[in-house]
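S.K.: Turn this into a structure:
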Amino acid sequence: MEPKANFWIERDGEVVLSEWRVALLQAIAETGSINAAAEQMGIPYRLAWSRVREIEARLGVRLTESQTGGTSGGGTQLTQEGRDYIRRYRAFTDGLMAIVARRFEEIFGRPA
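M.R.: Predicted structure coming up:
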């Protein structure tokens with residue numbers, strides 16, 4: 001047995017950041033494209049684009065910026081704020097998972 005937990009952050013009752021949403025932002029950072037990130041995650045581009053805009057609106061900051069021109073034809077990269085929210089969310093959830101694991105061990109013993 002091992003514990004599993006899912007954490008997310010809400011504002012005014014609406015999800016702002018979750019593991020899935022942060023994974024989408026991370027995929028954009030890695031691929032340099034919302035389209036490629038959507039493909040990597042196995043979701044439609046329209047859903048990825050919509051979620052990024054939704055996160056930005058709920059946080060009130062730009063998390064992505066379009067790259068235009070050059071031979072690559074553009075792309076999307078994360079802003080400093082976008083990278084910072086990924087880092088902070090990961091720090092938040094990593095700490096919580098450590099607490100969950102300790103509590104699980106107290107109650108159930110060491111996972112097999």
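S.K.: Contacts made by stretch 75-90 with the rest, please.
M.R.: Residues outside stretch 75-90 that contact it (C-beta atoms under 8 Å, 6 or more residues apart in numbering) are 9, 17, 22, 25-26, 28-29, 32-34, 59, 61-67. C-beta: built from backbone N, CA, C; applies to glycine.
S.K.: swap in stretch 28-37?
M.R.: Against stretch 28-37 from outside (C-beta under 8 Å, 6+ apart): 24, 27, 40, 45, 48-49, 52, 64, 67, 75-78, 82-83, 86.
S.K.: give me that answer again for 10 Å
M.R.: Outside stretch 28-37, the residues within contact range by C-beta atoms under 10 Å, 6 or more residues apart in numbering are 23-27, 38-41, 43, 45-46, 48-49, 51-52, 63-64, 66-67, 72-78, 82-83, 86.
S.K.: Of the residues you listed, which count as buried by neighbour count?
M.R.: Buried members of the contacts of stretch 28-37, counted by 16 or more other C-beta atoms under 10 Å: 24-27, 38, 40-41, 48-49, 51-52, 63-64, 75-76, 78, 82, 86.
S.K.: Inside helices: which ones of the contacts of stretch 75-90?
M.R.: Mapping these onto helices (DSSP state H) picks out 22, 25, 26, 28, 29, 34, 59.
S.K.: any idea which element the residue nearest to the first one when sequence neighbours are not counted lies in?
M.R.: In space, residue 22 comes closest to residue 89 once its chain neighbours are excluded; the distance is 4.9 Å by C-beta to C-beta, 6 or more residues apart in numbering. Following DSSP states H and E, one finds residue 89 within helix 80-108.
S.K.: Report the rounded mean pLDDT for that helix.
M.R.: For helix 80-108, mean pLDDT is 93.
S.K.: got the buried residues for that helix?
M.R.: Residues of helix 80-108 classed as buried: 82, 85, 86, 89, 93, 104 (neighbour count, 16+ other C-beta under 10 Å).
S.K.: Can you give me the separation between residue 94 and residue 43?
M.R.: 25 Å (C-beta to C-beta, to the nearest Å).
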